[in-house]
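Student: Return atomic coordinates for the entry below.
(chains A and B)
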Amino acid sequence: MKDLFAVVMLLGIYSLLSASFFVAMDAVDVAFTEAAVGAGISTLLMLVVITMTGRSEKTTRHKPWLALLVVVFTGGVLIYGTFDMPYFGIADAPIHSHVAPRYINESMKEIGIPNIVTSVLASYRAFDTFGEVVVIFTAGIGVMALLSVGRRPEEDEKTTAIDDSMHEQYLVIRIVTKMLIPFILLYALYVQFHGDFGPGGGFQAGVIFAAAIILYTMLFGLTTARKVINQSFIQFIAAAGVLLYGCVGIVSILNGANFFDYNVLASDPVAGQHLGILLIEWGVGCTVASVMIMIFFNFAGRKEMQQNNEKISNIEGESP
Amino acid sequence: MDIIINISGALFLLMGSFLCISGGVGLLRFPDFYTRMHAVGVTDTLGAGMILIGLMCYSPDFLTFSKLVMILLLTLLIGPTTSHVLAKAAMHNNLMPKLQQEDNIEETSSSNY
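Tutor: Residues are numbered from 1 along each chain as shown, chains lettered A, B, ... in the order given. Here you go, the predicted structure:
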């Protein structure tokens, strides 16, 4: 398939289907993450990439036999590996006998929140989650280092003129979006703070929040969006989220417990766990949302610069 | 009263499913992009709305009812907008409706004579 747009859409559909597959398997948290991250934001970011690289694949002379061979070989090895795994749904599989019983039996007593997935993610496995947040933060820094462009100050009158001329064309979708954005933001906050009780948490909330901002940027232009959300402010928030997460761990060390042991954060262990989970989820949400917005802004800024350069070169080409 | 609600709910559900199926048939059978989009856009909004109203008739408590009302409002806002944007994007990329293409061909061929 040569049309990259269709490929991206197929990937999105695949993510959405696997999300419904996870729902059928009763893994609602995973399904939510897959729908928000896999089908939502990554499709969006890949579409942004396509606007820069062009829509159709470059034709290659040679047939990619080597790549096909590698893919078939890897797939074969992976399938061979599954023969050693225990049968699906078997009761005495290692995954059910190792730490899972402790999580299921003791979570309510030790952590005191109804959603076990959140308690595993944010408390028992807090160090792993910290690693994930750092990975996302690193990705944001990487994109910024590669793609960030110095912007020349633009004339306000010109952008407002362009904005007004676009307004007629995008009237319907702009108005509907304006009506919807507050609800999307509110829903993101609900997902953020309701993660203790139902499916949700920092990752999904951050992605939904970022999606609302990106929607605004797509419809009202990069310059308008940059007025609403300052680039350096976003970078500050991204770093502050990771910092908040790490600080919770450091504070628990200073209080004489292990890294990310929230029991000592308050006088009552369960209250301490609640406080710790709330704080680190908040850190995760901040980092994820701002990194996603940052990545989108950098890609879109690159694209804008390309367009401006083309305009300038056209003008220069015409003038002599 | 219970019977009326039950029967009307069943009717709404039946009509909604019929509309959704007819939208699917339209998607497969219609000749070009715009007519297909029309089939899906109209039946999606109306069919999904009908099914939601039917489910509202069967909702056991107020919480479920209000959630369904919210989903209905969301569908009513988003469905037509996405169809509109889709059609606009296709028009923007110079995809002509099939009917108009044939007209154009006839016009150009007649003008040749």
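
Student: where does whichever residue of the stretch 201-320 of chain A sits closest to chain B land in three-state SS?
Tutor: Using C-beta to the nearest C-beta, the closest approach of the stretch 201-320 of chain A to chain B is made by A:Leu219 at 10.2 Å. For every residue, glycine as well, the C-beta is placed using N, CA and C. Using DSSP: H, G, I helix; E, B strand; the rest coil, the structure places A:Leu219 in helix.

Student: for chain B, which spans come out with low pLDDT?
Tutor: Scanning chain B for pLDDT under 70 picks out the ranges B:100-113.

Student: where does it come near chain A, residue by residue?
Tutor: B:77-78, B:81, B:84-85 (C-beta under 8 Å from any C-beta of the partner chain).

Student: mind listing which of those residues are in helices?
Tutor: Among the residues of chain B next to chain A, DSSP state H puts B:77-78, B:81, B:84-85 in helices.

Student: burial measure for the residue lying closest to A:Ala122 once chain neighbours are set aside, as a count.
Tutor: Leaving aside its sequence neighbours, A:Ala122 sits nearest to A:Ile277 (C-beta to C-beta, 6 or more residues apart in numbering or on different chains; 4.4 Å). Neighbour count for A:Ile277, taken as other C-beta atoms under 10 Å in any protein chain shown: 25.

Student: would a markdown table of the residues of chain B next to chain A with distance to B:Phe18 be doable?
Tutor: Putting the residues of chain B next to chain A into a markdown table (distance: C-beta to C-beta, whole Å) gives the following:
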| residue | distance to B:Phe18 |
| --- | --- |
| B:Leu77 | 24 |
| B:Ile78 | 22 |
| B:Thr81 | 24 |
| B:His84 | 25 |
| B:Val85 | 27 |
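
Student: List only those of the residues you listed flagged as buried.
Tutor: B:77, B:81 (16 or more other C-beta atoms under 10 Å in any protein chain shown).

Student: can you tell me the residue of chain A closest to chain B?
Tutor: For chain A, C-beta to the nearest C-beta, closest residue to chain B: A:Val176, 4.5 Å.

Student: just to confirm, which helix or strand has that residue in it?
Tutor: helix A:171-193 (DSSP states H and E).

Student: The helix or strand where B:Thr43 lies packs against which elements?
Tutor: Assigned by DSSP H and E, B:Thr43 falls within helix B:33-58. Contacts defined by 3 or more C-beta pairs under 8 Å, 6 or more residues apart in numbering or on different chains; DSSP states H and E place helix B:33-58 against helix B:2-29, helix B:62-92.

Student: elements contacting the shortest one?
Tutor: With contacts defined as 3+ C-beta pairs under 8 Å, 6+ apart, the packing partners of helix B:2-29 are helix B:33-58.

Student: Okay, buried residues for the helix it packs on please.
Tutor: Neighbour-count burial for helix B:33-58 [16+ other C-beta under 10 Å]: B:33-37, B:39-57.

Student: Just give me the residue closest to the centre of chain A.
Tutor: A:Val207 (4.6 Å; C-alpha atoms, centre = their mean).

Student: Return the residues in contact with that residue.
Tutor: A:36-37, A:40-41, A:288-289, A:292 (C-beta atoms under 8 Å, 6 or more residues apart in numbering or on different chains).

Student: Just give the number of residues close to A:Phe259.
Tutor: 13.

Student: any idea how far A:Phe130 is from it?
Tutor: According to C-beta to C-beta, to the nearest Å, A:Phe259 stands 9 Å off from A:Phe130.

Student: which residues are in contact with both of the two?
Tutor: Joint contacts of A:Phe259 and A:Phe130 (C-beta under 8 Å, 6+ apart) are A:Gly249.

Student: So what's the residue count around the nearest residue to A:Thr217 once chain neighbours are set aside?
Tutor: Ranked by C-beta to C-beta, 6+ apart and with sequence neighbours excluded, the top spatial neighbour of A:Thr217 is A:Ala225, at 3.9 Å. Applying other C-beta under 10 Å, we find 19 residues neighbouring A:Ala225.

Student: hang on, the earlier thing: so which helix or strand takes in the residue nearest to A:Ala122?
Tutor: With DSSP H and E as the criterion, the answer for A:Ile277 is helix A:269-318.

Student: Which residues of the stretch 101-250 of chain A lie near chain B?
Tutor: Counting by C-beta under 8 Å from any C-beta, the stretch 101-250 of chain A sits next to chain B at A:172-173, A:176, A:179-180.

Student: with those residues in mind, which one is nearest to A:Asp26?
Tutor: When these are ranked by distance to A:Asp26 (C-beta to C-beta), A:Leu180 comes first, at 30.2 Å.

Student: Quick check: nearest residue in space to that closest one, chain neighbours excluded?
Tutor: B:Leu77 (6.7 Å).

Student: measure that neighbour to A:Lys178 for me?
Tutor: 11 Å.

Student: In chain A, what helix or strand scores lowest on average pLDDT?
Tutor: Here the helix or strand of chain A ranked lowest by mean pLDDT, DSSP states H and E is helix A:156-169, holding a mean of 66.

Student: quick one on the thing from earlier: regarding the residue nearest to the centre of chain A, what is its secondary structure?
Tutor: Once three-state DSSP is applied, A:Val207 turns out helix.

Student: which residues touch whichever residue of chain B sits closest to chain A?
Tutor: In chain B, the residue that lies nearest chain A is B:Thr81 (4.5 Å; C-beta to the nearest C-beta). Residues near B:Thr81 by C-beta under 8 Å, 6+ apart: A:172-173, A:176.

Student: Got a PyMOL select line for the buried ones in those?
Tutor: Of the contacts of B:Thr81, the buried ones can be selected in PyMOL as follows, counting by 16+ other C-beta under 10 Å:
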select buried, chain A and resi 173+176
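
Student: want to try CSV for the contacts of B:Thr81, with distance to A:Ala91 and pLDDT as columns?
Tutor: Formatted as CSV, the contacts of B:Thr81 follow (distance: C-beta to C-beta, whole Å; pLDDT from 0 to 100):
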residue, distance to A:Ala91, pLDDT
A:Val172, 55, 84
A:Ile173, 52, 85
A:Val176, 51, 88
